[in-house]
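> Quick one, what's the 3D model for this:
(2 chains)
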Amino acid sequence: MTTIAPAQVTTPAQTAAEPVSPGPKGRRGLVMTFTLAVIALFWISPLALLVITAVRPLSDFIGNGPLSWPDQLTWSNFKDAWGIGNFATTYKNSAILAAIKVPLGVLISAMLGFALAKLRMKFRRTVMFSVFLGLTIPIYITIVPVFIMMRSAGATDSIFGLIGPYLAFGIPFEVLVLQSFFRQIPDEIIEAAKVDGAGDWRVFFTMILPLSVPALVTVAILDAVATWNEFLFALILLSSDAHKTIPVGLLNFQGQFANNNTGLAAGILIAVVPILIAYTLLQRWIVGGLTAGSLKG
Amino acid sequence: MASTAAVPKLKRGGRWSPWLFALPALLVYVGFLVYPAVSSLFFSLTNWDGLSATYDFVGLENYFKLPSDPVVVTAVKNNLIWTVVTIAVPTVVGLLLAIALNGKVHGKPILRLIFYTPAVLPLVSIASIWGWLYNPQYGAINSFLRLLGLDGLAQAWLGQDSTALWAVMVPAIWLRTGFPMLLYLAALQGIPNELYEAATVDGATRWQQFWHVTMPSLRPAHYIVLALSLIDSFKVFDMIYAMTYGGPGTSTQVMGTWMYFNVFQYYQAGYGTAIAVVITLVAIAVGIPYVRSQTREAS
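Model prediction:
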């Protein structure tokens, strides 16, 4: 009922067709394109300014003002920012974290999603409700106990201490999306496999997972973005510079570079570039996941 | 369950099989989310400072203290303003953009990419970008106003009580418009063209078509967008923390930041968790209809 039914949307037959057709289509199309292009220009201007500022010397920026076209170009802002911002370390930490957390999170969420969608599970609705309820719970209700748990486990100031809480807060959304995708897989093919003697695990690994690649990829991408961007747990659990992730590192860096506008711009860019590249390359999947109705959170 | 008739095959794995699949995720979920959330309830009933080995049980004292804390009053007000504005504006703008992008427009993919891009950036980087744009001397926003000859409007956007909260909401809106836009776009593409054709035959104006065809067809999308925005807006923390640190003064404090400061700066972990408990209960209450609808739908 509240879903955007996949059947509706995966057939983008009339995607390009204009719903309302009176009037000269061509001219209205151009006017609309122009209007949207102007809005888009404003929309993207913060990022455009960031790029322009990052590639000019500070003196040029101060002399000509932030809205001017640069007289000179330089890469030195990036070099300075990279070193002082400790980005080699924060990149590595964020990457390791995402590389462990994302596959693990998707796997255990898929397993739970499979149990909820296709197995005869007792208390199924109760489990489902309790897990989905996690979507509403703010991270900060858990930080005091999590901090205590991690401290007594000796896992503060380690990116490995972040994995548990990150997994837990990723589960509700991932399970929500995956179980709804699994549900669309016809029971008949599962039955056929069972008749041939396949157990639940074989069905899961050899049928459900391969058939669900689009959903798994969508969830993995969104989860990777969320992991890369997470701030509060990283802020409270990580203390030494050697263990910080990108968001926490960026915040420190921002303080250090408050008066160096061009260096700050370069540093911010360094922090966001991987996400921007990944998103640009993978946006088909993200948008595809959305239009397949699987994305509800 | 729809597939009750086909049950025998599902029995094969045995009664415990579903639980084996569910267990890893449930253990993590309970261990790192449910259990900590529930133990916060306990801490909120103590006067723990966050450091000492000992603390006293003080009952509901922390909760009684809340209404007389002027910062809590400010925070609640800010949470409400934040919620209303960061739901209303992105939803309306997202819908308008989606409708425009669903029409006959050139370069749709690139436009869609541009409008959705802020939604994937790390929140802290968005905060940094806008903090940089708002810089009183060298920020692009004041420079732009001066360029337009509006020198009088240039000001320390984040540095004064009257503008700080609004200034922090702008990047939040920038960030949050992409998601409703994409969802509405997907939903609009699902509306059959015949509905519009029939309406045209009946002589409906474009405006009438919008109200009587488009809006009702978008009801499921409205529901999802509003429910998720509501759940999300209540949790605001990162943006405020990274941009204004709750200041100047306490003018941009929200419940999330005030909780953080109490726990990690003022050594009032008991009181801080009480604040977190209150906002969590509100968030859960607000989110329950959505959670229920998702659970029901899956049954």
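
> Quick check: next helix or strand after the host helix or strand of residue A:165?
If you go by DSSP states H and E, residue A:165 is part of helix A:160-183. Downstream of helix A:160-183, the next assigned helix or strand under DSSP H and E is helix A:187-195.

> And the helices in the stretch 1-150 of chain A?
Using DSSP state H, counting those that start in this stretch, the helices of the stretch 1-150 of chain A run over residues A:6-9, A:25-54, A:58-64, A:76-84, A:87-118, A:124-133, A:143-152.

> Could you do the stretch 101-250 of chain B as well?
Applying DSSP H, counting those that start in this stretch to the stretch 101-250 of chain B gives helices spanning B:108-116, B:123-133, B:140-147, B:161-176, B:178-189, B:193-201, B:206-209, B:215-217, B:219-233, B:238-243.

> angle of the second one against helix B:161-176?
Note on geometry: by axes from the mean of the first three to the mean of the last three Cα atoms, to 10 degrees, helix B:123-133 and helix B:161-176 are set 130 degrees apart in direction.

> which residue does the stretch 51-200 of chain A bring closest to chain B?
Chain B sits closest to residue A:136 of the stretch 51-200 of chain A, with a gap of 3.1 Å, by Cβ to the nearest Cβ. Bear in mind the C-beta positions are built from the backbone N, C-alpha and C, glycine included.

> For that residue, the count of nearby residues, please.
Residue A:136 is flanked by 23 other residues according to other Cβ atoms under 10 Å in any protein chain shown.

> now residue B:202
10.

> CA atoms only for the helix holding residue A:165, dumped as PDB, please.
Output of helix A:160-183 as PDB, limited to C-alpha atoms (Å, rounded to 0.1, in the frame of the first residue of the first chain):
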ATOM      1  CA  PHE A 160      37.100  -2.000  15.100                       C
ATOM      2  CA  GLY A 161      35.100  -0.700  18.100                       C
ATOM      3  CA  LEU A 162      32.900   1.100  15.600                       C
ATOM      4  CA  ILE A 163      31.900  -2.000  13.700                       C
ATOM      5  CA  GLY A 164      29.400  -3.300  16.100                       C
ATOM      6  CA  PRO A 165      27.400   0.000  16.500                       C
ATOM      7  CA  TYR A 166      27.600   0.700  12.800                       C
ATOM      8  CA  LEU A 167      26.300  -2.800  12.000                       C
ATOM      9  CA  ALA A 168      23.500  -2.400  14.500                       C
ATOM     10  CA  PHE A 169      22.300   0.900  13.100                       C
ATOM     11  CA  GLY A 170      22.600  -0.300   9.500                       C
ATOM     12  CA  ILE A 171      20.500  -3.400  10.000                       C
ATOM     13  CA  PRO A 172      16.900  -1.900  10.200                       C
ATOM     14  CA  PHE A 173      17.200  -0.200   6.800                       C
ATOM     15  CA  GLU A 174      19.000  -3.000   5.100                       C
ATOM     16  CA  VAL A 175      16.600  -5.600   6.400                       C
ATOM     17  CA  LEU A 176      13.600  -3.500   5.300                       C
ATOM     18  CA  VAL A 177      14.800  -3.200   1.800                       C
ATOM     19  CA  LEU A 178      16.100  -6.700   1.400                       C
ATOM     20  CA  GLN A 179      13.200  -8.600   2.800                       C
ATOM     21  CA  SER A 180      10.800  -6.600   0.500                       C
ATOM     22  CA  PHE A 181      13.000  -7.500  -2.400                       C
ATOM     23  CA  PHE A 182      13.200 -11.200  -1.400                       C
ATOM     24  CA  ARG A 183       9.500 -11.400  -1.100                       C
END
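
> tell me, what residue is most central in the chain?
Just going to use chain A. In chain A, the centroid-proximal residue (Cα atoms, centre = their mean) is residue A:225; its distance is 2.3 Å.

> that's the wrong chain, I meant chain B
Note: chain B centre (Cα atoms, centre = their mean) maps to residue B:232, 2.3 Å.

> Turn the helices of the stretch 101-250 of chain B into CSV, including distance to residue B:266 and mean pLDDT.
Shown next, in CSV, are those (distance: least, Cβ to Cβ, whole Å; pLDDT from 0 to 100):
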stretch, distance to residue B:266, mean pLDDT
helix B:108-116, 39, 91
helix B:123-133, 23, 92
helix B:140-147, 33, 92
helix B:161-176, 21, 95
helix B:178-189, 35, 90
helix B:193-201, 58, 90
helix B:206-209, 55, 90
helix B:215-217, 48, 92
helix B:219-233, 26, 89
helix B:238-243, 15, 93
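
> and those as a markdown table, adding distance to chain A?
Output for the helices of the stretch 101-250 of chain B, formatted as a markdown table (distance: least, Cβ to the nearest Cβ, whole Å):
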| stretch | distance to chain A |
| --- | --- |
| helix B:108-116 | 5 |
| helix B:123-133 | 4 |
| helix B:140-147 | 5 |
| helix B:161-176 | 7 |
| helix B:178-189 | 4 |
| helix B:193-201 | 5 |
| helix B:206-209 | 6 |
| helix B:215-217 | 10 |
| helix B:219-233 | 5 |
| helix B:238-243 | 5 |
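
> Tabulate those in a markdown table, adding columns for distance to residue A:149.
Listed next are those as a markdown table, based on distance: least, Cβ to Cβ, whole Å:
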| stretch | distance to residue A:149 |
| --- | --- |
| helix B:108-116 | 37 |
| helix B:123-133 | 25 |
| helix B:140-147 | 43 |
| helix B:161-176 | 31 |
| helix B:178-189 | 32 |
| helix B:193-201 | 55 |
| helix B:206-209 | 56 |
| helix B:215-217 | 48 |
| helix B:219-233 | 25 |
| helix B:238-243 | 22 |
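
> Tell me which residues of stretch B:213-222 come out buried.
Using 16 or more other Cβ atoms under 10 Å in any protein chain shown as the test for burial, stretch B:213-222 gives B:213, B:214, B:217, B:218, B:220, B:221, B:222.

> where does the first one land on pLDDT?
Right, residue B:213. On pLDDT, residue B:213 comes in at 91.

> Residue B:36 versus the residue nearest to it when sequence neighbours are not counted, what's the distance?
The shortest distance from residue B:213 to any non-neighbouring residue, by Cβ to Cβ, 6 or more residues apart in numbering or on different chains, is to residue B:195 (5.0 Å). To residue B:36, residue B:195 is 49 Å away according to Cβ to Cβ, to the nearest Å.

> More neighbours: those two, which one.
For residue B:195 versus residue B:36, the count of surrounding residues by other Cβ under 10 Å is larger for residue B:36: 24 against 16.

> Is it correct that the more buried one is in contact with residue A:140?
No - Residue B:36 is beyond contact range of residue A:140, at 10.6 Å (criterion: Cβ atoms under 8 Å).

> could the helices of the stretch 1-150 of chain A go into CSV alongside mean neighbour count and distance to residue B:26?
Formatted as CSV, those follow (neighbours: other Cβ atoms under 10 Å in any protein chain shown; distance: least, Cβ to Cβ, whole Å):
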stretch, mean neighbour count, distance to residue B:26
helix A:6-9, 16, 27
helix A:25-54, 16, 41
helix A:58-64, 16, 53
helix A:76-84, 17, 42
helix A:87-118, 21, 7
helix A:124-133, 20, 7
helix A:143-152, 20, 18
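
> Tell me which of the ones you listed sits nearest to residue B:83.
helix A:124-133 (19.5 Å; Cβ to Cβ).

> Would you mind listing the outside residues contacting the closest one?
Residues from elsewhere that reach helix A:124-133 (Cβ atoms under 8 Å, 6 or more residues apart in numbering or on different chains): A:112, A:116, A:121, A:171-172, A:175-176, A:179, B:22, B:25-26, B:29, B:34, B:284, B:287-288, B:291-292, B:294-295, B:298-299.

> Give me the average confidence score over it.
In the prediction, helix A:124-133 has an average pLDDT of 96.

> Centre of the chain to that helix, how far?
Offset of helix A:124-133 from its chain centre (Cα atoms, centre = their mean, to the nearest Å): 24 Å.

> Taking their axis directions, it and helix A:87-118 sit at what angle?
Using the same axes, to 10 degrees: helix A:124-133 against helix A:87-118 is 160 degrees.
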